[in-house]
Structure formats: structure tokens, C-alpha cells
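1. need a 3D model of the following:
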Amino acid sequence: MDLEKRPPAGGGDGCLVGVVRIPVKIVAVLVVLPVRVVWELLVAAGRAVHRHVLGPLYAHVVEPLLRALGWLLATLLKLVFVWPWTGLWRYVLVPVGQGLAWLGRGLYDRVLAPAGRFLTAYLLRPVGEALAWIGRGGMRYLLAPLGKGVTWIGWVLGMALFVWPWVALWRYVLAPVGRGIAWLAAAAYRYVLTPVGHGLAWLAAAVFRYLVRPVGLGLVWLVVALYRYLLKPAGLGLAWLAAALYRYVLTPVGQVLLWAWHVAGRITAALWRGLKRVAWVLVGWPASRVYRHVLTPVGHAVREVWRTGRAAVREARATVRRALFGTPPVEPARSRARTLGSTTAADAAPADEISLPRRQG
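-> Next comes the predicted model:
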């Protein structure tokens, strides 16, 4: 790990960059290294908490609780908003609708259709034909002449009320008044408005030529001079100052901070690997040796002793049983294998306890 490796500096950097970079690099290492160590510790702690606390808690507590709550809410919503209306539709409305439809079809087929055919054939059709004959005769000999007379009277009344008065008003009142107003307007335009307009135009031209234009030219010259001799030099100076500050101060400081962050990461990684190695040497390797060379043989020995003692106790119990009660009848091998030493007869004595052979570990 090369701690003295520096990021390549841009061409043309002077002594000011070196003077700024060295103390900033020292301060950055002293400040960024603890921050990076704390950050790595927080990341490791967060991963451990997520792996051993939050993950199992969510998987075994929160997720089943949310599923049960969702099932309960779905059941309640169905109980309140789905099942009552489904039952109402299925067991009330559908049977009632089917009954009404059946009743309507029967009523139509048995009552309304025959009654309609009877009325149409014997009442409505003769009445309609009579009314049609009467209508044709009345239209030809009464309504047509009466309609023509009423139409002529309506036309005369309409013309007298809505056309002839307005035509007379336009011809004998409005038209002469309009012609007089037009003549008066033409005279006013020729002898009043035209001279006044010419005077106002001459006045506006004079004001623009001798007042507005000189003032505008003076303001333009003032703005140009202000930009050329004040704003432009000030802007160029500020831009040069900002560029110099960025090139000779901010860029070296940023490079040093980036370098210090990477160096802190490498130092933190090296410390972490060292701590892992030390923990393995001090705790892990001795524990594995003790488990492999001490605890495993002791466990095997204890297991053998336990098995031997259990076998001896079982043999002693079988011997005592044979001495007290005699040797029980031997079942066929097939029956013993099928029933595991038990009998199905009600008066038979229980057989010896049979334990399956266990594989030696």
C-alpha cells in the first residue's frame, strides 16, 4: 500500500498549489480517517443488525402478522361488502326476478296478447278506417279552404304589424337622418379633424426630433460607456479571480480530500484484516483445535460409554424377565418384522422390547 502516492497535478501548478496541498492533506488525513473508520463500523453494525435482528424479526414476526392482518381485513370486508349482497342477489333478487319474468310471460301469453288481437281486429281497425275516411273528406272540403283563408289573413296581419311600419320608418325617418349625419361627419372631418391631426403630427415629429431622440442617444451612450469602462472590467476581474480560486485552491483541496478518503479506506481495510487475523489466531484457531482434538474425542468416548451402559442395562432387564417369567414364545421372523415385537391377540403376553440397530458414528 503506497501511502505517498499523490494524484497527478495539472500542468502549470506553481508553489502556491504545493503550499496549500501539504497542510490540507495532513488535516484531511487526521479528520477523514476517523470519519471513515466510524463509517465502516456503522456499516458493519447495520449489516449485522439487519442480518441477525431485523431480517429474522420481519420474516418470523412482522410478515406473518401482516399476512394475518390482511387475511382478517379481507374477510371482514367480504363479510360486510360482498357476502351480504351476493346472498341477496343469489337467494332473493334472482328467484324473485325469475318468478316475475315467468308471471309476466304467462300474463302476456294468456291475457294481453289475445285481448290485443281481439281489440285490434274488432274495434281499433274499424274505428281507424272510419276516422281516416272522415279526415280525408274534412281535409278536402273544409280544412283546406279554411287554411288558405287563415293563411292570407295571417300574412296581411304580419305585414301590417311587422314589415310595413319598419319599412316606412327606414324610408322616411332613418334614411334622411343618416344622410344628414354622414354629411355633418364629412364636414367635421374635412374642416376640423384633418387640420387638428396635421398639427398633432407636426408636434409629435418635432418632439421626437428635438427631445426624445437626443435623450435616447444620450442614454444609449451612457449605457455603452458604463458597460465598456465599468461592468466589463469588473466582470473580467471577478471571472479571473473565480478561475484562480478554483484552479489554485478548490481543485487542490478536492484532490487532497479524495486522496485522503481513499487512503482512509485502505487503512481501515488493513486494520479490519489485521483484527480478523488477530481474532482468528487468539480465539478461532485455539477453539477449533480444542473442539477437534479434545471435545470430539471426549464426546465419542461419552457416547460409547452411554451405549455400553444402556446395552448392559437392557441385557440385565431381559435376564431378570426371563428368570422370573420364563422365555416367551418366539414369533415368526416375518410377523416380528411387521409388528415390531407386538402381538394382536388379546390374551397374548407382550413380547420383548425390540430396538432397531443404530449405526456406529
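2. any stretches of the chain with poor pLDDT?
-> 1-20, 323-361 (pLDDT under 70).
3. which strands and helices sit next to the helix or strand hosting L238?
-> Taking DSSP states H and E as the criterion, L238 maps to helix 232-245. Of the remaining helices and strands, none touches helix 232-245 by 3 or more C-beta pairs under 8 Å, 6 or more residues apart in numbering; DSSP states H and E. C-beta: built from backbone N, CA, C; applies to glycine.
4. export that helix as CSV, just CAs?
-> Output of helix 232-245 as CSV, limited to C-alpha atoms (Å, rounded to 0.1, in the frame of the first residue of the first chain):
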residue,chain,number,x,y,z
LYS,A,232,-16.9,44.6,-18.4
PRO,A,233,-13.6,45.2,-16.5
ALA,A,234,-15.3,44.3,-13.2
GLY,A,235,-16.8,41.1,-14.7
LEU,A,236,-13.4,40.1,-16.2
GLY,A,237,-11.7,40.6,-12.9
LEU,A,238,-14.3,38.6,-11.0
ALA,A,239,-14.1,35.8,-13.6
TRP,A,240,-10.3,35.7,-13.4
LEU,A,241,-10.5,35.7,-9.5
ALA,A,242,-13.0,32.8,-9.6
ALA,A,243,-10.9,30.8,-12.1
ALA,A,244,-7.8,31.3,-10.0
LEU,A,245,-9.6,30.4,-6.8
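5. list of residues touching that helix?
-> Outside helix 232-245, no residue is within contact range by C-beta atoms under 8 Å, 6 or more residues apart in numbering.
6. list the buried ones in it?
-> For helix 232-245, a neighbour-count test (16 or more other C-beta atoms under 10 Å) marks nothing as buried.
7. that one: what's the following helix or strand?
-> helix 251-279.
8. what distance separates the next helix or strand after that following helix from the centre of its chain?
-> Scanning forward in sequence from helix 251-279 by DSSP H and E, the next helix or strand is helix 285-290. The chain centre lies 53 Å from the centre of helix 285-290; the measure is C-alpha atoms, centre = their mean, to the nearest Å.
9. dump the C-alpha coordinates for helix 285-290 into PDB.
-> C-alpha atoms of helix 285-290 as PDB (Å, rounded to 0.1, in the frame of the first residue of the first chain):
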ATOM      1  CA  TRP A 285      -7.700 -21.300  15.800                       C
ATOM      2  CA  PRO A 286      -7.400 -22.400  19.500                       C
ATOM      3  CA  ALA A 287     -11.200 -23.000  19.700                       C
ATOM      4  CA  SER A 288     -11.100 -25.200  16.500                       C
ATOM      5  CA  ARG A 289      -8.100 -27.100  17.900                       C
ATOM      6  CA  VAL A 290      -9.800 -27.700  21.200                       C
END
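10. helix or strand right after that helix?
-> Helix 285-290 is succeeded, C-terminally, by helix 296-325 (DSSP H and E).
11. ok, so what distance separates A185 from A175?
-> Separation of A185 from A175 (C-beta to C-beta, to the nearest Å) stands at 16 Å.
12. likewise for L258?
-> 95 Å.
13. then F118?
-> Distance from F118 to A175, by C-beta to C-beta: 73 Å.
14. what's the answer for V298, then?
-> Applying C-beta to C-beta to V298 and A175 gives a distance of 135 Å.
15. same check, this time on R317
-> Distance from R317 to A175, by C-beta to C-beta: 145 Å.
16. residues in contact with the host helix or strand of P95?
-> According to DSSP H and E, P95 maps onto helix 94-107. Residues from elsewhere that reach helix 94-107 (C-beta under 8 Å, 6+ apart): none.
17. could you dump stretch 258-268 to PDB, C-alpha only?
-> This file holds the C-alpha atoms of stretch 258-268, laid out as PDB (Å, rounded to 0.1, in the frame of the first residue of the first chain):
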ATOM      1  CA  LEU A 258     -10.400  12.500  -2.300                       C
ATOM      2  CA  TRP A 259      -6.900  11.100  -1.800                       C
ATOM      3  CA  ALA A 260      -7.400  11.200   2.000                       C
ATOM      4  CA  TRP A 261     -10.700   9.400   1.700                       C
ATOM      5  CA  HIS A 262      -9.100   6.500  -0.400                       C
ATOM      6  CA  VAL A 263      -6.200   6.300   2.000                       C
ATOM      7  CA  ALA A 264      -8.500   6.100   5.000                       C
ATOM      8  CA  GLY A 265     -10.400   3.300   3.300                       C
ATOM      9  CA  ARG A 266      -7.200   1.400   2.700                       C
ATOM     10  CA  ILE A 267      -6.100   1.900   6.300                       C
ATOM     11  CA  THR A 268      -9.500   0.800   7.500                       C
END
